[in-house]
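> The sequence and its predicted three-dimensional model are supplied below.
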Amino acid sequence: MPSPHWSAPVAHAPVDATVPLPGSKSMTNRALVLSALAAGPGRVVQPLRSRDTDLMAAALRALGTGITEDGGDWAVVPGELRGPASVDTGLAGTVMRFLPPVAALASGEVSVDGDPRARERPMGPIITALRALGAAIDDGGRGALPFTVRGTGSVNGGEVVIDASGSSQLVSGLLLAAPRFEKGVDVRHAGPPVPSAAHLAMTVEMLREAGAAVEAEENAWRVAPGPLQGREWAIEPDLSNSAQFLSAALVTGGRVTVPDWPAETTQPGDALRGLLTAMGAEVTHGPGGLTVRGRGGFAGLTADLHEVGELTPVLAALCALADSPSRLTGIAHLRGHETDRLAALVAEINGLGGDAAELPDGLEIRPRPLRGGVFHTYDDHRMVMAAAVLGLAVPGIEVENPGTVGKTLPDFTRQWASMLAPA
Ligand SMILES: O=C(O)C1=C[C@@H](OP(=O)(O)O)[C@@H](O)[C@H](O)C1
Ligand SMILES: C=C(OP(=O)(O)O)C(=O)O
């Protein structure tokens with residue numbers, strides 16, 4: 001059930017806040033998969049608890065993995081993977097792309113489905129690739145959810161070519177399960193460039209941390225067969241989910257600090273340091289975390305966001321409030337995200353009196369005075385976050401279905417109010 005509209009609060013003073021963030025969705029779901037496939041027990045320390053990560057835990061449990069809560073952590077005991085089982089992917093790209101290769105390793109049938117929009121997100125290339133690697137998948141010829149994986153308890157693996165231009169997760173999914181394939185995997189991408197290089201680097205790094213032998217080139221990845229170690233995974237704060245909070249510093253000419261910002265990371269959210277600096281923020285990183293200070297006005301952004309696409313909705317909102325025009329490119333693949341994000345952002349920014357237009361691979365945004373109104377969110381958590389940023393400066397924005405933030409940040413509206421509360 002959609003939750004009632006949320007009146008996005010206006011900032012009446014510069015923000016001055018420290019905002020601790022829950023764990024990374026991308027790291028939590030990789031850690032769960034790698035732990036479930038490991039040779040011994042493992043632990044995910046301070047995982048993100050949200051719809052996407054709870055769905056991943058439920059899916060792995062359904063296949064025979066022991067996952068129990070233990071003092072804010074998840075203790076994981078790998079079990080023999082088996083069906084019959086039903087898996088709900090919700091709208092989680094990580095679950096719909098990372099889980100089927102694990103299901104292929106199970107014995108028995110695993111049926112996989114998700115939200116109505118999940119059935120439209122790109123899945124064909126990974127279904128075809130899994131078949132080429134030896135898995136039996138019945139998708140009724142749709143090349144999309146729903147489908148049934150008919151596992152035999154093992155996957156041959158080997159060489160495969162995939163077009164992953166629609167989503168880096170199509171490659172990450174194959175790589176994460178590949179140490180358990182008989183021959184490992186030798187994946188080559190052929191097609192327009194794969195987005196989200198940082199997320200692929202995260203996959204490679206976490207596989208190596210679990211003991212896998214991985215070779216990575218620009219468009220080719222090789223994972224050798226071999227056991228994965230059960231280990232303790234420390235989950236970093238979700239840096240992509242910092243975008244709206246850090247943006248509040250620019251919009252209000254204030255200061256926001258995110259504690260525990262890692263010195264080095266594979267998370268794409270780390271790019272916010274450079275992107276917000278380019279828009280005129282002062283960004284400092286020290287033992288207290290990452291601090292962003294606004295200086296009053298701020299400039300628009302001209303940037304290729306191909307590697308950091310998930311930052312787009314919040315950055316687009318910021319661009320709509322900037323002092324100069326913006327051009328965001330390299331993000332055609334966002335049409336296959338939680339919603340068609342390019343269409344949704346144009347419709348909603350323009351619905352408030354703004355001037356945004358779609359490019360073949362991005363957005364052009366010219367700042368204009370905005371007015372209040374209903375902001376539709378299309379079951380997309382980042383559309384709620386984008387609306388919140390606009391609402392800081394534009395009175396009367398009513399955000400439809402704010403509960404959809406539960407995908408990655410269930411506590412968002414409370415955190416937002418607390419950031420805006422006087423110290
Ligand atoms: O692997 C991951 O954890 C993710 C990869 C990216 O997907 P795309 O490559 O489909 O953009 C990103 O947008 C998504 O939020 C998380
Ligand atoms: C694209 C996103 O999610 P997903 O993991 O569902 O692809 C996102 O979080 O912005």
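All right, it came through fine. Ligands and ions are numbered 1, 2, ... in the order given.
> who's in contact with residue 96?
For residue 96, the contacting residues are 89, 112, 114, 118, 121, 123, 145, 169, taking C-beta atoms under 8 Å, 6 or more residues apart in numbering as the criterion. C-betas here are computed from N, CA, C, even on glycine.
> Kindly recompute the last result at 6 Å.
Neighbour list for residue 96: 89, 114, 118 [criterion: C-beta atoms under 6 Å, 6 or more residues apart in numbering].
> cool, and residue 307?
For residue 307, the contact set (C-beta under 6 Å, 6+ apart) comprises 197, 198.
> and with 10 Å instead?
If a contact means C-beta atoms under 10 Å, 6 or more residues apart in numbering, then residue 307 has 168, 193-201, 268, 271, 330-331 as its contacts.
> And the furthest pair within those?
The most widely separated members of these are 201 and 331, with 18.8 Å between them, by C-beta to C-beta.
> Looking at these two, which one has more neighbours?
In this comparison of residue 201 against residue 331, neighbours counted by other C-beta atoms under 10 Å, the higher total goes to residue 331 at 26 against 17.
> Return the distance of the more buried one relative to residue 304.
Using C-beta to C-beta, to the nearest Å, we find residue 331 at a distance of 8 Å from residue 304.
> Residue 48 too?
Applying C-beta to C-beta to residue 48 and residue 304 gives a distance of 28 Å.
> neighbour count winner among the two?
Remark: of residue 48 and residue 304, residue 48 carries more neighbours, 24 against 13, as counted by other C-beta under 10 Å.
> Name the nearest residue to the more buried one, ignoring sequence neighbours.
Excluding its sequence neighbours, the residue lying closest to residue 48 (C-beta to C-beta, 6 or more residues apart in numbering) is residue 23, at 4.0 Å.
> what about that neighbour, how many neighbours?
Other residues within reach of residue 23, judged by other C-beta under 10 Å, total 23.
> same question, the one 10 residues further on
Around residue 33 sit 29 other residues, with neighbours defined as other C-beta under 10 Å.
> Read off the pLDDT value for it.
Residue-level confidence at residue 33 comes out at 99, pLDDT.
> which residues are common contacts for residue 331 and residue 304?
361, 362.
> dump the residue contacts of the closest residue to ligand 2 within the stretch 151-300 of the chain.
Ligand 2 sits closest to residue 169 of the stretch 151-300 of the chain, with a gap of 6.3 Å, by C-beta to the nearest ligand atom. For residue 169, the residues meeting the contact criterion (C-beta under 10 Å, 6+ apart) are 26, 29, 92-98, 121-123, 126, 176, 195-196, 199-200, 203.
> does whichever residue of the stretch 1-150 of the chain sits closest to ligand 1 count as helix, strand or coil?
Of all residues in the stretch 1-150 of the chain, residue 26 sits closest to ligand 1, with a separation of 3.1 Å (C-beta to the nearest ligand atom). Residue 26 carries the three-state label helix when classified by DSSP: H, G, I helix; E, B strand; the rest coil.
> I am assuming it contacts residue 50, so please confirm or correct that.
No. Assessed by C-beta atoms under 10 Å, residue 26 is found out of contact with residue 50, at 11.8 Å.
> Might you enumerate the residues of the chain proximal to ligand 1?
Within the chain, the positions lying close to ligand 1 (C-beta under 6 Å from any ligand atom) are 26, 93-94, 167-169, 172, 195-196, 199, 309-310, 333.
> if we go to 5 Å?
Proximity of the chain to ligand 1 (C-beta under 5 Å from any ligand atom) is limited to residues 26, 94, 167, 168, 169, 172, 195, 196, 199, 309, 310.
> which residues does the first one contact?
Contacts of residue 26 were listed using C-beta under 10 Å, 6+ apart, and they are 48, 52-53, 93-94, 169, 172, 196, 198-199, 202-203, 206, 235-236, 238-240, 266-269, 310, 408.
> Just the buried ones among these, please.
Those of these that meet the buried threshold are 48, 52-53, 93-94, 169, 172, 196, 198-199, 202-203, 206, 235-236, 238-240, 266-269, 310, 408, by 16 or more other C-beta atoms under 10 Å.
> out of those, which are inside helices?
With helices defined by DSSP state H, the entries of the buried ones among the contacts of residue 26 inside them are 52, 53, 93, 94, 169, 172, 198, 199, 202, 203, 206.
> and these as JSON lines, adding distance to residue 362 and pLDDT?
Conversion of these to JSON lines gives the following (distance: C-beta to C-beta, whole Å; pLDDT from 0 to 100):
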{"residue": "52", "distance to residue 362": "25", "pLDDT": "98"}
{"residue": "53", "distance to residue 362": "30", "pLDDT": "98"}
{"residue": "93", "distance to residue 362": "20", "pLDDT": "98"}
{"residue": "94", "distance to residue 362": "24", "pLDDT": "98"}
{"residue": "169", "distance to residue 362": "20", "pLDDT": "98"}
{"residue": "172", "distance to residue 362": "23", "pLDDT": "98"}
{"residue": "198", "distance to residue 362": "18", "pLDDT": "94"}
{"residue": "199", "distance to residue 362": "19", "pLDDT": "97"}
{"residue": "202", "distance to residue 362": "24", "pLDDT": "98"}
{"residue": "203", "distance to residue 362": "25", "pLDDT": "98"}
{"residue": "206", "distance to residue 362": "30", "pLDDT": "98"}
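> Run a quick neighbour tally on the closest residue in space to residue 132 that isn't next to it in sequence.
Excluding the flanking residues, the one nearest residue 132 by C-beta to C-beta, 6+ apart is residue 160, at 4.9 Å. Applying other C-beta under 10 Å, we find 17 other residues in the vicinity of residue 160.
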